[in-house]
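1. From the sequence below, what's the structure:
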Amino acid sequence: MRADAARNLDAVLRTGARLLAQDPSTTIATVAAEAGVDRRTVYRRFATREALLSAVYKAKLDASEAVLDQARLTEAPVAVALHRYAESIIPVSRQWPLDIRRLMNQDAEALARADAQRARLADFFRRAADEGLVRADLPDGWAMAMLGRLVDMAAHDFADLEPGRAADLVVASFLQGAQAP
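-> Numbering: from 1, shown residues only. Model prediction:
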């Protein structure tokens, strides 16, 4: 892909993520105008708004996968991996604000990837409980959901916080609420 085409695609995907998160009925023409490209450029790549939405979800999944890999959830000490994950996922959430839980059911591949990512996080939280950092008596999924809400709050309600500081607050809040006695 030519450099200008790659820049245009990136602008369309990022703009599409932001606008579609604000208003799911946003048109391709609106995305194109806001991204600074001709709408024909967008239509050549994405025939429908649903195709654009699917591409945005896949871009978010790619970014989230990279965060999971870089956090070293299975190798690093649990507290270190937790902070690495939080510090890296906050910018991803800001950049790709669409809620992955609303992933279109007709995109089986993307749905399978999202499920695999949730499974990796669930394994990490089991490890955190096994190693005594997180309470083992919490209902299944509680700690993961709690961290997700804190990350979402840090990413969107406190967007002026830089990711490192936001991650410090997320991890401290998480551990104080879910820490083993």
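2. From residue 36, how far out is the one residue sitting closest to the centre of the chain?
-> The centre of the chain sits closest to residue 93, judged by Cα atoms, centre = their mean, with a distance of 4.4 Å. In this view, residue 93 and residue 36 are 24 Å apart by Cβ to Cβ, to the nearest Å. Every C-beta, even on glycine, is put in place using the N, C-alpha and C of the backbone.
3. helix or strand for the residue nearest to the centre of the chain, which one?
-> According to DSSP states H and E, residue 93 maps onto helix 78-95.
4. mind exporting that helix as CSV, just the C-alpha atoms?
-> What follows is helix 78-95, C-alpha atoms only, in CSV (Å, rounded to 0.1, in the frame of the first residue of the first chain):
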residue,chain,number,x,y,z
VAL,A,78,1.4,-10.3,38.0
ALA,A,79,1.6,-6.8,39.4
VAL,A,80,4.0,-5.8,36.6
ALA,A,81,1.9,-7.4,33.9
LEU,A,82,-1.2,-5.7,35.3
HIS,A,83,0.3,-2.3,35.1
ARG,A,84,1.8,-2.9,31.7
TYR,A,85,-1.6,-4.0,30.4
ALA,A,86,-3.4,-1.0,31.9
GLU,A,87,-0.8,1.6,30.7
SER,A,88,-1.0,0.2,27.2
ILE,A,89,-4.7,-0.5,26.9
ILE,A,90,-5.8,3.0,28.0
PRO,A,91,-4.4,4.6,24.8
VAL,A,92,-6.0,1.8,22.7
SER,A,93,-9.3,2.5,24.3
ARG,A,94,-9.0,6.2,23.6
GLN,A,95,-7.9,5.7,20.0
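5. After that helix, heading C-terminal, what element do we hit next?
-> Taking DSSP H and E, what comes next after helix 78-95 is helix 108-130.
6. Against which helices or strands is that following helix packed?
-> Counting by 3 or more Cβ pairs under 8 Å, 6 or more residues apart in numbering; DSSP states H and E, the packing neighbours recorded for helix 108-130 are helix 49-71, helix 78-95, helix 142-152.
7. how big is the angle separating the first one from helix 78-95?
-> Using axes from the mean of the first three to the mean of the last three Cα atoms, to 10 degrees, one finds that helix 49-71 and helix 78-95 are set 160 degrees apart in direction.
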